[in-house]
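J.: Quick one: sequence and predicted model below, then my questions.
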Amino acid sequence: MTEDERVDEARVAPPPKELGARARHEWSRLVEHVRDPALPPAPQKRAWWALHGIGMLFAVLFYTWSMTPSLLPRPWYLQGVATGICVALGYGVGVLVASVVRRLGFSPQWSERTRLWGWVSLAALAAIELPLFMVLGARWQETTRELVGVQEESGWFTVLLLPIAAGLALVLVALGRLFLRTGYRIARFVSRLVPVVVARLVGLVAALVITVVLLQDGVVAGILALGGRAAATRDLEDPPGVVRPQVEERSGSGASPVEWEDLGREGRAFVSGGPSAAEIEAFSGEPALTPIRVYAGLGSAPTIDEIAATVVDELERTGGFDREVLAVATTTGTGWIDESMARPLEYLHGGDTAIAGMQYSYLPSGFAFLADRNTPRTAGQALFTAVYARWSTLPEAERPLLVVMGESLGSYGGGSAFSGVQDMVARTDGALWVGTPNFAEPWADITASRDPGSPERLPVVDGGEHARFADSPDDLVPDAGWGFPRIVYLQHATDPVVWWSSDLLLRQPDWLREPRAETVNPAMSWYPFVTFWQVTVDLAFSVDVPDGYGHRYELGNADAWAAIVPPDGWTAQDTADLRDHLATE
């Protein structure tokens, strides 16, 4: 650089000290603008540690509601989380109610003495309610544990839920105040340009947008990123005891063009599992075939449609279209197919079966649901459409029985291939949907259009002509009015996956208006906001219960398949024997 260029640069770029002075000057101007007397006066705010009396009253009320029972027993630490969220919500609702009442013109000026006695009364109420509902809550939880067969929890550390709840509630209240103050600041700026009422609305919307963006693109995105990396790493690993199959009836074997490494963790577990022909023969005493299991993972093809086409090619290669029963299985988020759904069908038909599945994600179902609700539906539709298109070209007399199945997110994705019961009846020979999420279609429409007088937890559809809902094997006794094809929805009254819905926030569902199932604590009631968070917390515990409760469906699948596609001559005793055999495996 020449001397003249250095001189010119010095003229253009002020020295660092001058830059700092200029920055301080601009900041001072900004501060003055914030304090501009032309703006409406900023509302007086309580000190950050101050609490609102009505808000605290509602917080105590919501505390008592949070201790009431829900679908499943809650460990003490999850109870602390649920109670903390509910207390914070109660505080917010109380503050909102007080604000609305003031806006309506009721704003009494209480004396200091009256305020003091109000706080004393509130403290006395809290001193009674907190320990009382701690004891009642423990008793309700004990009853719920007995109903679902969960071992009793040691009680001495239950008191730890109070500090957990208090700490979480304080954090949530502080975040709520930060949200409101952000809205106030934005509203004051905007009020220079528009009327105050409009400015307040703009401030509230802007604060809401900022919060949603921070949560969605910050917190949720961060959780999904961390969880996604962990799930991707886990997807490359083989589950314990899993070895590459050697029989040609399985994808990933030496006879299969589908690479073993491309199947994903759950795909490898699926194709390497299941009973052998010898094991089936030992149970039935009759000759058996090796069950066909075909699968394609995310690494098998670049798109969902191409993965589905790969599965159809595998069915062609293995002779799946020549078997007695062909099942299309929609997986959960990780690509998991429940062995307790697959094995009963294979035993039932002497191994003369083919089960086809595909992976559309490596994320656990909860993460997959948050990240992308569309892909499970797309995958379920793509796989069934591809298999059905090939199956339809076969002569009708030579077609295998075509059935569909899915559990949890798999039921959500698989069911989306159909518009309703009649569509399933028209295009399949049976369906088994297990633990279907409340947001799934057509489950929601089928349930909503149930026959009058039938309960939401076990709806009757068209008099039970084709579709039946069951909580236990006792609900699956075939009768003359149950025609083929048969559709079965297995759903426990205690399964939070089935009954969780955002509608619980403000609306009492029918299943909480109607008589409770015997497995549900009769003391369970609906409370606004609170019941939603109780059932949300139940989700975390939904599989940590014995089979037949919560989101645990195992032995009931044998009864379901025996009702949907029974072999010739199959009896109720055969079903009981199969159930007993599966329980010992």
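T.: Looks like it came in fine.
J.: Assess the claim that residue 56 and residue 93 are in contact.
T.: No: applying Cβ atoms under 8 Å as the test, residue 56 and residue 93 come out as separate, 11.6 Å apart. The way it works is simple: take the backbone N, C-alpha and C, and place the C-beta from them, glycine included.
J.: of the two, who's got more company?
T.: residue 56 (21 against 18; other Cβ atoms under 10 Å).
J.: residues in contact with the helix or strand where the more buried one lies?
T.: Here residue 56 sits within helix 53-66, counting by DSSP states H and E. With contact meaning Cβ atoms under 8 Å, 6 or more residues apart in numbering, helix 53-66 is reached by 79, 82-83, 86-95, 97-98, 115, 118-119, 122, 125-126, 129-130, 133, 165, 169, 527, 529-530, 533-534.
J.: where does the stretch 351-500 of the chain have low pLDDT?
T.: 370 (pLDDT under 70).
J.: meant to ask about the stretch 201-350 of the chain, not that
T.: In the stretch 201-350 of the chain (pLDDT under 70), no residue qualifies.
J.: And the strands in it?
T.: Using DSSP state E, counting those that start in this stretch, the strands of the stretch 201-350 of the chain run over 292-296, 325-330.
J.: Minimum distance to residue 365: which of those has it?
T.: The closest of those to residue 365 is strand 325-330. By Cβ to Cβ, the value is 11.9 Å.
J.: Extract the CA atoms of that closest one and return them as CSV.
T.: Output in CSV follows, covering the C-alpha atoms of strand 325-330 (Å, rounded to 0.1, in the frame of the first residue of the first chain):
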residue,chain,number,x,y,z
VAL,A,325,-51.5,-64.2,4.0
LEU,A,326,-49.7,-61.0,2.9
ALA,A,327,-49.4,-58.3,5.6
VAL,A,328,-48.4,-54.7,4.9
ALA,A,329,-46.9,-53.3,8.1
THR,A,330,-46.4,-49.5,8.6
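J.: packing partners for that strand?
T.: With contacts defined as 3 or more Cβ pairs under 8 Å, 6 or more residues apart in numbering; DSSP states H and E, the packing partners of strand 325-330 are helix 339-348, strand 353-358, helix 374-392, strand 401-407, helix 409-415.
J.: Pull up the pairing partners for the shortest one, direction included.
T.: This means strand 353-358. Strand 353-358 pairs in its sheet with strand 292-296 (parallel), strand 325-330 (parallel), by DSSP bridges.
J.: tell me how far the first one is from the chain's mean position?
T.: On the basis of Cα atoms, centre = their mean, to the nearest Å, strand 292-296 sits 27 Å off its chain's mean C-alpha point.
J.: can you list contacts of that strand?
T.: 249-252, 258, 262-263, 267, 270-271, 273-274, 307-308, 310-311, 314-315, 318-320, 323, 342, 353-359.
J.: Repeat that for the longest one.
T.: With contacts defined as Cβ under 8 Å, 6+ apart, strand 325-330 is touched by 315, 320, 337, 341-342, 345, 349, 352-357, 376, 379-380, 383-384, 387, 391, 400-406, 410-411, 413-414, 565.
J.: now with 6 Å?
T.: The list of residues contacting strand 325-330 from outside it, by Cβ atoms under 6 Å, 6 or more residues apart in numbering, reads 320, 337, 349, 353-357, 380, 383-384, 387, 400-406, 410, 413-414, 565.
J.: got the CA coordinates for stretch 549-569 in PDB?
T.: The C-alpha trace of stretch 549-569 is given here as PDB (Å, rounded to 0.1, in the frame of the first residue of the first chain):
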ATOM      1  CA  TYR A 549     -52.400 -51.500  30.300                       C
ATOM      2  CA  GLY A 550     -51.100 -48.200  29.000                       C
ATOM      3  CA  HIS A 551     -49.300 -48.500  25.700                       C
ATOM      4  CA  ARG A 552     -48.400 -52.200  26.200                       C
ATOM      5  CA  TYR A 553     -50.100 -54.500  23.600                       C
ATOM      6  CA  GLU A 554     -48.600 -57.900  23.400                       C
ATOM      7  CA  LEU A 555     -50.700 -61.000  24.000                       C
ATOM      8  CA  GLY A 556     -53.900 -59.300  22.900                       C
ATOM      9  CA  ASN A 557     -52.600 -59.400  19.300                       C
ATOM     10  CA  ALA A 558     -53.000 -63.200  19.100                       C
ATOM     11  CA  ASP A 559     -56.700 -62.900  19.800                       C
ATOM     12  CA  ALA A 560     -57.000 -60.000  17.300                       C
ATOM     13  CA  TRP A 561     -55.400 -62.000  14.500                       C
ATOM     14  CA  ALA A 562     -57.400 -65.100  15.300                       C
ATOM     15  CA  ALA A 563     -60.600 -63.000  14.900                       C
ATOM     16  CA  ILE A 564     -59.400 -61.200  11.800                       C
ATOM     17  CA  VAL A 565     -58.000 -64.000   9.600                       C
ATOM     18  CA  PRO A 566     -58.700 -67.400  11.400                       C
ATOM     19  CA  PRO A 567     -57.500 -70.500   9.600                       C
ATOM     20  CA  ASP A 568     -60.000 -73.200   8.800                       C
ATOM     21  CA  GLY A 569     -61.000 -75.100  11.900                       C
END
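J.: That stretch: how far from the chain's middle?
T.: Stretch 549-569 has its C-alpha centroid displaced from the chain centroid by 24 Å (Cα atoms, centre = their mean).
J.: Quick one, which of the strands of the stretch 201-350 of the chain gets closest to residue 241.
T.: Closest among these, using Cβ to Cβ: strand 292-296, at 16.4 Å.
J.: and the angle from the closest one to helix 339-348?
T.: Here the directions of strand 292-296 and helix 339-348 differ by 140 degrees (axes from the mean of the first three to the mean of the last three Cα atoms, to 10 degrees).
J.: rewinding a little: list buried residues within the contacts of strand 292-296.
T.: 249-252, 258, 262-263, 267, 270-271, 273-274, 307-308, 310-311, 314-315, 318, 320, 323, 342, 353-359 (16 or more other Cβ atoms under 10 Å).
J.: So which residues of the stretch 401-550 of the chain form strands?
T.: Going by DSSP E, counting those that start in this stretch, the stretch 401-550 of the chain shows strands at 401-407, 430-434, 467-470, 486-490.
J.: Any chance of JSON lines for these, columns distance to residue 455 and mean neighbour count?
T.: Formatted as JSON lines, those follow (distance: least, Cβ to Cβ, whole Å; neighbours: other Cβ atoms under 10 Å):
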{"stretch": "strand 401-407", "distance to residue 455": "23", "mean neighbour count": "26"}
{"stretch": "strand 430-434", "distance to residue 455": "18", "mean neighbour count": "27"}
{"stretch": "strand 467-470", "distance to residue 455": "9", "mean neighbour count": "23"}
{"stretch": "strand 486-490", "distance to residue 455": "13", "mean neighbour count": "25"}
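J.: Which of the buried ones among the contacts of strand 292-296 fall in helices?
T.: Those of the buried ones among the contacts of strand 292-296 mapping onto helices are 267, 270, 271, 307, 308, 310, 311, 314, 315, 318, 342, per DSSP state H.
J.: Tell me the spacing between the fifth one and residue 319.
T.: Counting by Cβ to Cβ, to the nearest Å, the gap from residue 308 to residue 319 is 19 Å.
J.: Repeat that for the first one.
T.: The gap separating residue 267 from residue 319 is 20 Å, by Cβ to Cβ.
J.: can you check the last one too?
T.: Residue 342 sits at a distance of 18 Å from residue 319 (criterion: Cβ to Cβ).
J.: Where does pLDDT dip in the stretch 51-200 of the chain?
T.: Low-confidence segments of the stretch 51-200 of the chain, defined by pLDDT under 70: 153-157.
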